[in-house]
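**Student:** predicted model, plus sequence, below.
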Amino acid sequence: MRSFAKNFTKGIVRSNPTFVLMLGLCPTLAVSTSLDNAVGMTAAFILVLVASNIVISLVHNYVPDKVRIPVFIVIIATLVSIVDLMMQGFVPALSKSLGIYIPLIVVNCIILGRAEAFASKNGVLDSIADALGIGTGFGLAILLISFIRQLLGTGKLDLFGHHLFTIPGLSENPVSILMLPMGAFLVIGTLLALFKWMGVTKGD
Amino acid sequence: MSKKREFWPVIFLTLVVVISIVSLTVVNAITKDKIVQAKREAVAEMLATLFPNMESFTYDEDSGMYSVLAGGEPIGHAFMAQGRGYGGRIDILIGLKPDNKSLQGIKIITQQETPGLGAKIINASFLDQFRGISVNEVDLSRNGGKIDAITGATISSTAVVEGVKKAIMKELGSQVKGGNS
């Protein structure tokens, strides 16, 4: 049980996929424009990562080393397609809100990264812990980035259609550049520098 | 023996692909009807927002045209249009009054425009401009039409207007021209 907790917490700070491993930055940059997007992406991401880590940790002993990457890619792509079809068929409401993130996950290299770096060398339980930890780390990072971008970029905060608050003055003249792709780089870069300076993330 | 080991990775990968194909085929077969059903319900929901009195609808696959019915009488037509926005494709549902000469309204189905800027195209203040105008008046006001572009979101506004215009031309090209002469 101790290793479960260790593998879980490791993904949140020490090997945070966004701020330390710097993996999967592309979808992070693309969807971090609103909190709604961040929540949807995180949910879909954790779902697929847990499933892929389970399957890969189950089969890793049988996979010939030479073809392990193609095998992992086929497994991940199949899982993503199954999740997508199942959601469309059985929970169309969920598919409507998460649907656009599912195809994006196929190209998220964190999934393949965890398959290669962790699930292909560890047992099922540890791999689930790793997936949950990395998923939480990814979720916290993308939530933080989109919180900053939405707050400063629009001057107000909405979550799933509920208006939370408006910053007077800023909402009339928001920092719109933060909503553009360039703003994502600015925010991620600043956060990276901040975390390094604070010593939260230690570069090896 | 060494031959066997050499080919094992190839055979393994082929097996994995076959398993993948089989499981996808099975899942597809299970979910196919349900997806069609869910899509139809989603379409009905969409149409109902444009035509609040709608009771049922029919779909003509050749023309891609939905006919909206209430009490057995047609109360309008609807079809899909696409615009090329700043963030990618914008899917638009266009509703026409039964005479096909004026718009019932439009609805943005999917869009990936920048929140806070281009994504304002889903706001009622923009979409309501399309309500009830003639099919010939669908254009930005600077081009002589009746639609005001959103400040700071010219590309997205233009994408919607152009998408709607093109789709109307395509669906009822001859009828629009006929209306002009």
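**Tutor:** Nice, thanks for sending it over.

**Student:** A:L140 against A:P17, yeah?
**Tutor:** No: applying Cβ atoms under 8 Å, one finds A:L140 not in contact with A:P17, separated by 10.2 Å. No exception for glycine: its C-beta is placed from N, CA and C like everyone else's.

**Student:** higher neighbour count, those two?
**Tutor:** Taking other Cβ atoms under 10 Å in any protein chain shown, A:L140 and A:P17 do not tie; A:P17 has more neighbours (28 against 18).

**Student:** so which elements touch the helix ranked longest in chain B?
**Tutor:** Identified as the longest helix of chain B according to DSSP state H is helix B:2-50. Packing partners of helix B:2-50 (3 or more Cβ pairs under 8 Å, 6 or more residues apart in numbering or on different chains; DSSP states H and E): helix A:68-90, helix A:92-98, strand B:56-60, strand B:65-70, strand B:73-84, strand B:89-96, strand B:103-110.

**Student:** can you say which of these is nearest to B:I19?
**Tutor:** helix A:68-90 (8.2 Å; Cβ to Cβ).

**Student:** next, the angle helix B:2-50 makes with that closest one.
**Tutor:** Angle, helix A:68-90 to helix B:2-50, by axes from the mean of the first three to the mean of the last three Cα atoms, to 10 degrees: 30 degrees.

**Student:** what's in contact with helix A:68-90?
**Tutor:** A:44, A:47-48, A:51-52, A:55-56, A:59-60, A:63, A:94-95, A:98-99, A:102-103, A:105-106, A:111-112, A:115-116, A:120, B:12-13, B:16-17, B:20, B:23-24, B:27-28, B:30-32, B:34-35, B:38 (Cβ atoms under 8 Å, 6 or more residues apart in numbering or on different chains).

**Student:** buried ones among those residues?
**Tutor:** A:44, A:47-48, A:51-52, A:55-56, A:59-60, A:63, A:95, A:98-99, A:102, A:105-106, A:111-112, A:115, A:120, B:12-13, B:16, B:20, B:27, B:31, B:35, B:38 (16 or more other Cβ atoms under 10 Å in any protein chain shown).

**Student:** and the angle from the longest helix of chain B to strand B:65-70?
**Tutor:** 40 degrees.

**Student:** now helix B:2-50: mean pLDDT?
**Tutor:** For helix B:2-50, mean pLDDT is 86.

**Student:** give me the nearest residue to the residue nearest the centre of chain A, chain neighbours excluded.
**Tutor:** Centroid-nearest residue in chain A: A:F138, 3.9 Å away (criterion: Cα atoms, centre = their mean). Using Cβ to Cβ, 6 or more residues apart in numbering or on different chains and skipping residues adjacent in sequence, the residue nearest A:F138 is A:P17, 4.8 Å away.

**Student:** before we move on, what about A:G169?
**Tutor:** A:G155 (7.7 Å).

**Student:** and the gap between the residue nearest to A:F138 and A:S57?
**Tutor:** For A:P17, the distance to A:S57 equals 18 Å [Cβ to Cβ, to the nearest Å].

**Student:** up against chain B, what does chain A have?
**Tutor:** Residues of chain A that fall close to chain B, judged by Cβ under 8 Å from any Cβ of the partner chain: A:33-34, A:62-64, A:66-67, A:70-71, A:74-75, A:77-78, A:81-82, A:85-86, A:88-90, A:92, A:95-96, A:100, A:150, A:153-154, A:174, A:176, A:179-180.

**Student:** got a PyMOL select line for the buried ones in these?
**Tutor:** A single PyMOL command selects the buried members of those (16+ other Cβ under 10 Å):
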select buried, chain A and resi 33+34+63+67+71+74+75+78+81+82+85+86+88+89+92+95+100+150+153+154+174+176+179+180
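
**Student:** how about the secondary structure of A:L170?
**Tutor:** For A:L170, the assignment made with DSSP: H, G, I helix; E, B strand; the rest coil gives coil.

**Student:** that one and chain B, how far apart?
**Tutor:** Separation of A:L170 from chain B (Cβ to the nearest Cβ, to the nearest Å): 12 Å.

**Student:** burial of that residue, as a residue count?
**Tutor:** 15.

**Student:** quick check: closest non-adjacent residue to A:L94.
**Tutor:** Nearest one to A:L94, counting by Cβ to Cβ, 6+ apart, is A:M87 at 5.7 Å.

**Student:** fine by me, thanks again.
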